[in-house]
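Q: Structure of the sequence below:
(chains A and B, ligands or ions: 2)
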Protein chains: 2
Amino acid sequence: MSKGLPKRSENYSEWYNELVKRADLAENSAVRGCMVIKPYGFSIWEKMQRALDDKFKETGHTNAYFPLFVPKSLFEAEEKNAEGFAKECAVVTHYRLKNNPEKPGTLMVDPEAKLEEELVVRPTSEAIIWNTYKNWIQSYRDLPILINQWANVVRWEMRTRMFLRTAEFLWQEGHTAHSTSDEAIAETKQMLDVYATFAEEFMAVPVVKGFKSANERFAGAEETMCIEAMMQDGKALQAGTSHFLGQNFAKAFDVKFQSKEGKLDYVWGTSWGVSTRLMGALIMAHSDDNGLVLPPKLAPIHVVIVPIHRGEEDLATIKETITPIMKELKSYGITVKFDDSDAQRPGWKFAEYELKGVPVRMAIGMRDLQNGVIEVARRDTLSKETRPLEGIAVYVKDLLNEIQASIYEKALNFRKENSFEVNTWDEFKEQIEKGGFLHCHWDGTSETEEKIKELTKATIRCIPLDAKEEEGTCILTGKPSSKRVIFARAY
Amino acid sequence: MSKGLPKRSENYSEWYNELVKRADLAENSAVRGCMVIKPYGFSIWEKMQRALDDKFKETGHTNAYFPLFVPKSLFEAEEKNAEGFAKECAVVTHYRLKNNPEKPGTLMVDPEAKLEEELVVRPTSEAIIWNTYKNWIQSYRDLPILINQWANVVRWEMRTRMFLRTAEFLWQEGHTAHSTSDEAIAETKQMLDVYATFAEEFMAVPVVKGFKSANERFAGAEETMCIEAMMQDGKALQAGTSHFLGQNFAKAFDVKFQSKEGKLDYVWGTSWGVSTRLMGALIMAHSDDNGLVLPPKLAPIHVVIVPIHRGEEDLATIKETITPIMKELKSYGITVKFDDSDAQRPGWKFAEYELKGVPVRMAIGMRDLQNGVIEVARRDTLSKETRPLEGIAVYVKDLLNEIQASIYEKALNFRKENSFEVNTWDEFKEQIEKGGFLHCHWDGTSETEEKIKELTKATIRCIPLDAKEEEGTCILTGKPSSKRVIFARAY
Ligand SMILES: [Zn+2]
Ligand SMILES: [Zn+2]
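A: Ligands and ions are numbered 1, 2, ... in the order given. Sure, this is the predicted structure:
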């Protein structure tokens, strides 16, 4: 099955596209730019959702649901936000189809069913949500509001790519309201930490936490924080954002509250989101030329066991030995599949489970049985070893933890090897072609950032939270700078 | 807080609307016919989702995701389905907004960004899914496909009502493909059973399983099965449907497979769904003039404990006693809230938790503490008793089970008392005004059903699976009939 998967070193982009398709993660649909997320891909997304949702709830958030549509007049209320999304809005203008008299058997939009006010399919929900919050908030006692929504959103992108950039995508969007600026800023940071922890502990993807420059800020936010991950081609991928909205949306929608002291003031807001884009990050961070490499914490199947048998009698004997082992593995919360289908040969199955990224594969034949051993193969390292059947379940349980840690370690080392302190413009131009994160001084202006983007296609991915104060000069203009930012090409 | 909730006996409809609002379940939004599902309401829906999703997976289904939009040409491919939904479709015609030169600061649809082909916002996903399945199915080996999707759908209803009928609603839609008619029919029945079990065991709502008459069948289905529940006003509510699609969609989208014998044939299909409408059923089946009554299996909070204290010292003493009890309750999977807020008095809290339908409320003061007792109040019966603190957690655990069973029992008795075998047209006209399920003979024609609907607003809710064969004559026409069907007015 993995035959013909393009090599990363030859065509990284083709490798990604083919992998998404062949590993049954997603495919293009009949609707321009919209994808079908297939069952195997969706089961990974479900695991992400569950883990994130648990974390949101642990930090005091609850889920709710707001309308898919935003009336145009609400959409345009927060000017910067509207400007930022207007060019990629799907717009509902009619609410009925009718028979087409000129082409019997087909339908046409009924011109008599034109909406008085057009509805925008939400590209993000700040507008509809703040318009709702207005009615929920009178006093400081009504605050904070800590709500999250799992939803689909639509942004009419011209150039789409599965998971990374699609016209419709799935995401969660948190929208919180607070009585003080400090509290809202603390929430913004807290949710960035939630995302970073999730990315590192579940996805095994190390991330840099930081602030976006003004150029890359969310339209309508005062400050955008983000986590940035490095893909295997050295490009950056923004994996999650958390926005401090200040009082922008409160002002646009006239959301005021009475403070403890009886003073009337605008409410402070945050919003934060991650999307099915994370699937793209997961795939591109770890997978190899044989297929997916999945961290155990997000793998739909942890362990597959393939019997190597001639007749049905052999199979029955193998099954007898394997059954209690499977039971023990399941008791540890491990998902095991025993693949005894006759439709395919073991070699085919090995390749298929490699393609699908199952972290551990075990194979056992009659001779193994006689010797009391089993073959254990790791997907991440592609290494194999023969292990005693005695205690194998505990061994595999520990091995899964080791794989989770090892995948993270590998990605972290890769990032280290591809992160550079760059101090001259010549160095910059040379290094950016090879990829990686370029830590450089920057004069703090949008003009310089734009010029660098024009010249090299690199943007500021973030101003890292842990950037140390140091005197330096801007890589392009030579003007003074007090800390390094990360430049990279990005998805 | 519950002050002024209208009485069911006086205005059932107003009672429902007010309850939905005051219990913080949902509210109308700025978008015509679309609701906001508030956190408390959404947490009940989440519990429904989780229970249903588990059942879908137990029966071999996996989740996936298909596009929100359906290109018009695909939408019209299955003629009956298209006809059935054409009149209530939201249609996307443009993909961009631009600044309105005539009204600075506002946006307008960009006429240059008109879509070549209009996109229908899915009212249901058969079209887009069968168009996808076409590429997934070649041989019997690719079957069955057992997929479910959790999604939002839009049907532009003119008269909307929260949860019961909204322009946008949340649902799950299962779409399966099979190599034989028998297998598809068995799937249709299996999922109806899943819905019935869920309604009865989780929602504590007894349901009648049956077939829809041709008039009420899903557009594009060969046969529609349904579960019907009785509300407290004697009206019926369709709580879930499961459709045998025959080969209709396979033919419309040219989905063929090669059988084991090498024969080419069209694929057989089913689809089945339940929606946020279930919230309406849950509310209307059990709640009373004081507010919500929730079955414990779907209650976001199972138990609330209210301390009755003067000073903070008393509160500390009460807390000390309550803490281990709460811990024990949690160990049984019970969600407990200890409400020691000073913002409201106990009486206010009692009314509030009654309104919210928390199944068990406990109250404890200093004298109770000295006597080693606690007051336990049941939401469903509104009865109170004083119980020893010793063993209280186990007592409450059992009580929750008893409440679950008792709510179901009450609803079942109500349905029995309001189900009638009606044999004459005069009886029918009289009884239908009082409400209830009328089991009557019917001549099997759409004409008769329509006439009865015109005359009485009653429709055939279903032809029950367990209707016994008996000779009779149609309630309206006197023509022969072999079994009774259920007529009722319906939501
Ligand atoms: Zn075999
Ligand atoms: Zn107090």
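Q: how many neighbours does whatever residue of the stretch 351-491 of chain A ends up closest to chain B have?
A: Per CB to the nearest CB, residue A:356 is where the stretch 351-491 of chain A lies closest to chain B, at 13.9 Å. (C-beta placed from N, C-alpha, C; glycine too.) Neighbourhood size, residue A:356 [other CB atoms under 10 Å in any protein chain shown]: 22.
Q: wait, doesn't it sit right on residue A:290?
A: No: if you go by CB atoms under 8 Å, residue A:356 and residue A:290 don't touch, sitting 10.5 Å apart.
Q: Which pLDDT value belongs to the residue of the stretch 351-491 of chain A closest to chain B?
A: Here, the pLDDT recorded for residue A:356 equals 98.
Q: and if you look at residue A:4?
A: With respect to pLDDT, residue A:4 scores 76.
Q: Distance of it relative to ligand 1?
A: Separation of residue A:4 from ligand 1 (CB to the ion, to the nearest Å) stands at 28 Å.
Q: what does residue A:344 give?
A: For residue A:344, the distance to ligand 1 (CB to the ion) stands at 11 Å.
Q: The closest residue to that residue other than its chain neighbours: what secondary structure?
A: Among residues not flanking residue A:344 along the chain, residue A:352 sits closest, at 7.4 Å (CB to CB, 6 or more residues apart in numbering or on different chains). With DSSP: H, G, I helix; E, B strand; the rest coil as the basis, the three-state label of residue A:352 is helix.
Q: and the gap between residue A:352 and residue A:341?
A: Applying CB to CB, to the nearest Å, the value for residue A:352 to residue A:341 is 11 Å.
Q: neighbour count winner among these two?
A: Shown here are residue A:352 and residue A:341; by other CB under 10 Å, residue A:352 has more neighbours (19 against 8).
Q: now the more buried one: how far from residue A:409?
A: Residue A:352 is 27 Å from residue A:409, by CB to CB.
Q: what do you get for residue A:71?
A: Distance, residue A:71 to residue A:409, using CB to CB: 50 Å.
Q: which one of those two has more residues nearby?
A: Neighbours of residue A:71 and residue A:409, each counted by other CB under 10 Å, are more numerous for residue A:71; the result is 22 against 12.
Q: And stretch A:211-228, what's buried?
A: For stretch A:211-228, burial by neighbour count (16 or more other CB atoms under 10 Å in any protein chain shown) applies to A:211-213, A:216-228.
Q: List the contacts of residue A:46.
A: Residues near residue A:46 by CB atoms under 8 Å, 6 or more residues apart in numbering or on different chains: residue B:63.
Q: now swap in residue A:284 and tell me
A: Residue A:284 makes contact with A:16, A:231, A:232, A:233, A:237, A:491, according to CB under 8 Å, 6+ apart.
Q: do residue A:28 as well
A: Shown in contact with residue A:28 (CB under 8 Å, 6+ apart): A:35, A:36, A:162.
Q: give me the element residue A:460 is part of.
A: Element membership of residue A:460, judged by DSSP states H and E, is strand A:459-464.
Q: next one: residue A:163
A: Counting by DSSP H and E, residue A:163 is found in no helix or strand.
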